[in-house]
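Trainee: Only the shape, not the letters, is given here:
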Ligand SMILES: NC(=O)C1=CN([C@@H]2O[C@H](COP(=O)(O)OP(=O)(O)OC[C@H]3O[C@@H](n4cnc5c(N)ncnc54)[C@H](O)[C@@H]3O)[C@@H](O)[C@H]2O)C=CC1
Ligand SMILES: O=C(O)CCC(=O)C(=O)O
């Protein structure tokens, strides 16, 4: 059996009931097959892949808190410190009822390669909890965040592990967690990113993932003789990534016609009103059913359906496995020519293969959504030097980073005879730097 197949089989056997983690490992190792086979003896002797797929450390802990009725609630918290070969662990905290160890491990594993691709010194990690902030009062969210950080603060620090936001964790949650960290550890340091601007946050971090997605998409189109201006775009999701992807797509001259949330989706033929979405989601924390009040000519549909709408470019920005094989078929049939992932692993392996086989330009999440974590690393730099850069400075650095990622993934694919396969290219470029650092640091 080849080394790749052997390690995939071990991951499945040793981590039962973690399908998302299996999927992430399979997707990465399959696309690295050529690179691994070229070094198979050395990698096998050093157990390089076994070390790569096993987190350096993982924590699972109880998070008790008191709800508004005086009832004690108990959630489970996680932090997986996956790989620190190139820098302190870095990656967000997801607060969603679906969170379990397998989901945090898939996200942490992806983060290793994504963070490497940014070219900045950050290792891979991820955390979160099955707590659902939806429908909770501010006091309940604070009670949860304080309890969560009371345990998490033992394992993190500005030079060891720096968490940030993800699904369900925005500015409000980061603020509560930062306050509790400072209170317990007595340290005013950049232990979290995505902080508010009044206490160490970076300008442009809020916009960074969505903006970065569009900078990379624009560059990928340019490399392939196409342009973004004048194109029709379908976006899924209506959270942080989706909102700023929509805003930047419109600034660059494209028309965004859809957005969604976990219960339904909107179609607006005249182009999504992003100010309305921001008010509904960021201010009122409400459902997309509200959108019709702002745009009476728009349509609201229950359930899934975004990928059946005719578009040139699709940007999945909600969650994992939200773009399935049938969706890929519908996109191709409707003339879509590019897909770039704003979310982490939103496209299933079968859907990705179908899109690639049909000539769609496909930018994987670990490259396309890396602008968020890259700007988090810029926030860490500003915190270390106790300075704040202007929006324009941060945005210019972000653009530069995304253009570099785009060329690096294209070049890496070409070097291994897989020109245009950006999934393989992103994995190879991310992997090479991590492996180099792991080899230099001995068997650890
Ligand atoms: N926030 C960030 O800086 C980064 C986020 N990501 C990824 O982007 C994706 C979105 O994250 P954020 O926008 O930060 O989260 P968010 O909490 O701000 O928004 C999540 C959005 O996805 C929708 N959603 C969640 N579960 C869904 C489901 N099962 N079906 C349909 N819609 C669903 C929500 O309704 C919401 O609109 C996630 O995959 C996250 O891991 C990736 C890189 C950085
Ligand atoms: O900004 C960060 O540190 C993490 C962002 C994140 O969780 C991600 O890239 O998926």
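Mentor: Arrived safely. It should be emphasised that the depicted structure is a prediction, and the values quoted were computed from it without experimental measurement. Residues are numbered from 1 along each chain as shown. Ligands and ions are numbered 1, 2, ... in the order given.
Trainee: May I have the secondary structure class of residue 281?
Mentor: Using DSSP: H, G, I helix; E, B strand; the rest coil, the structure places residue 281 in helix.
Trainee: How much space separates it from ligand 1?
Mentor: 7 Å (CB to the nearest ligand atom, to the nearest Å). Quick note: C-beta positions are derived from backbone N, CA and C, even for glycine.
Trainee: what does residue 128 give?
Mentor: Separation of residue 128 from ligand 1 (CB to the nearest ligand atom) stands at 10 Å.
Trainee: What of residue 337?
Mentor: Distance of residue 337 to ligand 1, computed by CB to the nearest ligand atom: 23 Å.
Trainee: Is it correct that that residue is in contact with residue 355?
Mentor: No: using CB atoms under 8 Å, residue 337 makes no contact with residue 355, being 10.1 Å away.
Trainee: Of the two, which one has the most company?
Mentor: residue 355 (25 against 18; other CB atoms under 10 Å).
Trainee: Now do the same for that one: its pLDDT.
Mentor: At residue 355, the predicted lDDT confidence score is 98.
Trainee: swap in residue 387?
Mentor: For residue 387, pLDDT reads 97.
Trainee: Looking at the chain, what residue ends up closest to ligand 2?
Mentor: residue 92 (2.6 Å; CB to the nearest ligand atom).
Trainee: Verify the contact between that residue and residue 124 for me.
Mentor: No: the criterion here is CB under 8 Å, and residue 92 misses it with residue 124 at 11.3 Å.
Trainee: mind listing what residue 399 touches?
Mentor: Counting by CB atoms under 8 Å, 6 or more residues apart in numbering, residue 399 makes contact with residue 215.
Trainee: go again using 10 Å as the cut-off
Mentor: Residue 399 makes contact with 211, 212, 214, 215, 216, 218, 219, 371, according to CB atoms under 10 Å, 6 or more residues apart in numbering.
Trainee: Tell me how far it lies from residue 178.
Mentor: 28 Å (CB to CB, to the nearest Å).
Trainee: and if you look at residue 265?
Mentor: Distance, residue 265 to residue 178, by CB to CB: 34 Å.
Trainee: Looking at these two, which has the bigger crowd around it?
Mentor: residue 265 (26 against 23).
Trainee: what's whatever helix or strand residue 327 lives in in contact with?
Mentor: Using DSSP states H and E, residue 327 falls within helix 325-333. Residues outside helix 325-333 that contact it (CB under 10 Å, 6+ apart): 234, 236, 304-311, 313-314, 316, 323-324, 336-339, 346-360, 362.
Trainee: same thing but at 6 Å, please
Mentor: For helix 325-333, the surrounding residues in contact (CB atoms under 6 Å, 6 or more residues apart in numbering) are 307, 308, 314, 350, 351, 354, 355, 358.
Trainee: Please list all residues in contact with the second one.
Mentor: If I follow you right, that is residue 308. The contact partners of residue 308, by CB under 6 Å, 6+ apart, come to residue 330.
Trainee: Any residues of the stretch 151-300 of the chain in contact with ligand 2? List them.
Mentor: 164, 166, 193 (CB under 6 Å from any ligand atom).
Trainee: try 5 Å this time
Mentor: Proximity of the stretch 151-300 of the chain to ligand 2 is confined to 164, 166 under the rule CB under 5 Å from any ligand atom.
Trainee: right, and residue 376 touches residue 192 too?
Mentor: No: between residue 376 and residue 192 there is no contact under CB atoms under 6 Å: 9.2 Å.
Trainee: Give me the local confidence score for the residue most central in space within the chain.
Mentor: The centre of the chain sits closest to residue 344, judged by CA atoms, centre = their mean, with a distance of 4.4 Å. Listed pLDDT for residue 344 reads 98.
Trainee: quick one: secondary structure of it?
Mentor: Recorded secondary structure, residue 344: coil (three-state DSSP).
Trainee: Next one: it relative to residue 240, how far apart?
Mentor: Residue 344 is 13 Å from residue 240, by CB to CB.
Trainee: circling back to that earlier point, quick one, which of the contacts of helix 325-333 are buried?
Mentor: 307, 308, 314, 351, 354, 355 (16 or more other CB atoms under 10 Å).
Trainee: Going along the chain, name the strands of the stretch 1-150 of the chain.
Mentor: 57-66, 72-83, 89-95, 123-129 (DSSP state E, counting those that start in this stretch).
Trainee: For the ones you listed, please prepare JSON lines with the additional fields mean pLDDT and mean neighbour count.
Mentor: Below are those laid out as JSON lines (pLDDT from 0 to 100; neighbours: other CB atoms under 10 Å):
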{"stretch": "strand 57-66", "mean pLDDT": "98", "mean neighbour count": "16"}
{"stretch": "strand 72-83", "mean pLDDT": "99", "mean neighbour count": "21"}
{"stretch": "strand 89-95", "mean pLDDT": "98", "mean neighbour count": "28"}
{"stretch": "strand 123-129", "mean pLDDT": "98", "mean neighbour count": "29"}
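Trainee: out of the ones you listed, which comes closest to residue 385?
Mentor: Each of the strands of the stretch 1-150 of the chain has some distance to residue 385 by CB to CB; the shortest is strand 89-95, at 17.9 Å.
Trainee: Quick check: residues of the protein near ligand 1?
Mentor: When proximity is defined by CB under 5 Å from any ligand atom, the chain lies next to ligand 1 at 166-167, 209, 237-241, 261-262, 318-319, 343-344, 369, 372.
Trainee: And the residue of the stretch 151-300 of the chain closest to ligand 1?
Mentor: Of all residues in the stretch 151-300 of the chain, residue 239 sits closest to ligand 1, at 1.7 Å by CB to the nearest ligand atom.
Trainee: which element is residue 221 on?
Mentor: Per DSSP H and E: helix 205-223 holds residue 221.
Trainee: relative to strand 89-95, how tilted is that helix?
Mentor: In terms of direction (axes from the mean of the first three to the mean of the last three CA atoms, to 10 degrees), helix 205-223 departs from strand 89-95 by 110 degrees.
Trainee: Quick check: next helix or strand after helix 205-223?
Mentor: Downstream of helix 205-223, the first helix or strand assigned by DSSP H and E is strand 232-236.
Trainee: Direction included, what does that next one pair up with?
Mentor: strand 255-260 (parallel), strand 313-316 (parallel) (DSSP bridges).
Trainee: Check which residues of the helix or strand just after it are buried.
Mentor: Later in the chain than strand 232-236, the nearest helix or strand by DSSP H and E is helix 240-251. Buried residues in helix 240-251, counted by 16+ other CB under 10 Å: 240, 241, 242, 243, 244, 245, 246, 247, 248, 249, 250.
Trainee: Right, I'll call it a day here.
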